[in-house]
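Chemist: Have a look; sequence and predicted model below, questions after that.
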Amino acid sequence: MTNDESVKKSTPDSEAAENGNDTPNKQTDNVKTDNVEKPEDSLAESTGTPQAELISDSSATEALLESIAANDTLARKDIPSVEELTRQLAEAQQKADMHWEGLLRKQAEYDNLQKRMARDLEKAHKYALEKFATELLAIKDSMELGIEVAAKPETELKVVHDGMALTLKMLIDTLAKFGIVEINPQDEKFDPQWHEAMVMQTVPDVKEGMILHVHQKGYQLNDRLLRPARVVVAKAAPPLENDS
């Protein structure tokens, strides 16, 4: 036996090849296949992250991408078309025109109201005494009639007196009708708000501050003083000196 034959016999692969059996090669291929590293394994080894976590992160990323795609699809569905936007713009323009016309109309009405109020105020200032003047006309007529009667020689003095008294009553009633009230504080206590002291007199048995005489009557319009009553007021008597 030669050296070459002894080498062939001692090699298992050569014996198997001679016998037509390739099983050892298949086992070798299986071993090599099992030893091939997968991408996930190499990535896990390079990053130090467990393979399960990498698979979980990949799934989460895919889910996030799917959610973004779904939201984008919904957003695109919500976007109106050009025709819809044109219609909405036309409706908005129509409403704006209606509001503008209404505003102009309200402004015109307001201007007319201001002008009417200005005219009414001017008339009120100009003709505020119209009713009062109408009431005074009757008093004037009565006074003219009394003067005409008094001018006749046969007219008695009592007739003239009665006519003047009637005219005075008409005047007082007319003033009261328009809120003008007479102030006649005879025998009342002096009130500086409504009275004006002309003279101070000392009178026995009269309290100080009492009104002794009304020199001129006063008048008030509702709660406003038109003219104070001019009066004579009593003052306290000086104490008697002791002659002892």
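Modeler: Received, thanks.
Chemist: domain parsing for this structure?
Modeler: Domains of the chain are assigned by automatic domain parsing as 1-32, 49-79, 85-128, 129-178, 180-237.
Chemist: Let me know which of those is tucked in deepest.
Modeler: Among these, ranked by average contacts under mean count of other Cβ atoms under 10 Å, first place goes to domain 180-237 (a mean of 14). C-beta: built from backbone N, CA, C; applies to glycine.
Chemist: end to end, how far does that one reach?
Modeler: End-to-end span of domain 180-237 (Cα to Cα, to the nearest Å): 37 Å.
Chemist: cool, stretch 208-227 as well?
Modeler: Stretch 208-227 has an end-to-end distance of 24 Å (criterion: Cα to Cα).
Chemist: pLDDT weak spots in this structure?
Modeler: The model of the chain has pLDDT under 70 over residues 1-57, 71-78, 239-244.
Chemist: 50 instead?
Modeler: Residue ranges of the chain with pLDDT under 50: 1-40, 43-44, 243-244.
Chemist: those strands in the protein, which residues are they?
Modeler: Ranges of strands within the chain are 180-183, 195-202, 211-216, 218-221, 224-227, 229-235, based on DSSP state E.
Chemist: For Q201, give its distance to R116.
Modeler: Counting by Cβ to Cβ, to the nearest Å, the separation of Q201 from R116 is 59 Å.
Chemist: what ranges do the helices span in this protein?
Modeler: Applying DSSP state H to the chain gives helices spanning 3-10, 12-18, 23-34, 39-47, 51-78, 82-126, 130-150, 157-177.
Chemist: quick revisit: out of the strands of the chain, flag the one nearest K140.
Modeler: Taking Cβ to Cβ, strand 180-183 is the member of those nearest to K140, at 17.0 Å.
Chemist: I'd say Q220 and W194 touch.
Modeler: Yes: between Q220 and W194 there is a contact under Cβ atoms under 8 Å: 7.3 Å.
Chemist: Identify the contacts common to these two.
Modeler: I183 (Cβ atoms under 8 Å, 6 or more residues apart in numbering).
Chemist: Let me see the contact set for P185.
Modeler: Neighbour list for P185: 191, 194-195, 211, 214, 218, 229, 231 [criterion: Cβ under 8 Å, 6+ apart].
Chemist: how about these in CSV, adding distance to K126?
Modeler: What follows is the contacts of P185, written out as CSV (distance: Cβ to Cβ, whole Å):
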residue, distance to K126
D191, 37
W194, 32
H195, 35
I211, 41
V214, 37
G218, 29
A229, 33
V231, 38
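Chemist: May I ask which two of these are separated the most?
Modeler: Greatest spacing in the contacts of P185, by Cβ to Cβ: D191 and V214 (12.9 Å).
Chemist: so which of the contacts of P185 would you say is closest to E84?
Modeler: E84 lies nearest to W194 out of the contacts of P185, by Cβ to Cβ, at 80.7 Å.
Chemist: before we move on, back to that, looking at the contacts of P185, which is nearest T86?
Modeler: Set against T86, the nearest of the contacts of P185 by Cβ to Cβ is W194 (80.0 Å).
Chemist: Return the residues in contact with that closest one.
Modeler: 183, 185, 218, 220, 225, 228-229.
Chemist: Distance check, K115 against L121.
Modeler: 11 Å.
Chemist: Now the common contact residues for those two.
Modeler: With contacts taken as Cβ under 8 Å, 6+ apart, K115 and L121 have no neighbour in common.
Chemist: Against I68, how distant is L221?
Modeler: Using Cβ to Cβ, L221 is found at 85 Å from I68.
Chemist: same deal with D205?
Modeler: The gap separating D205 from I68 is 113 Å, by Cβ to Cβ.
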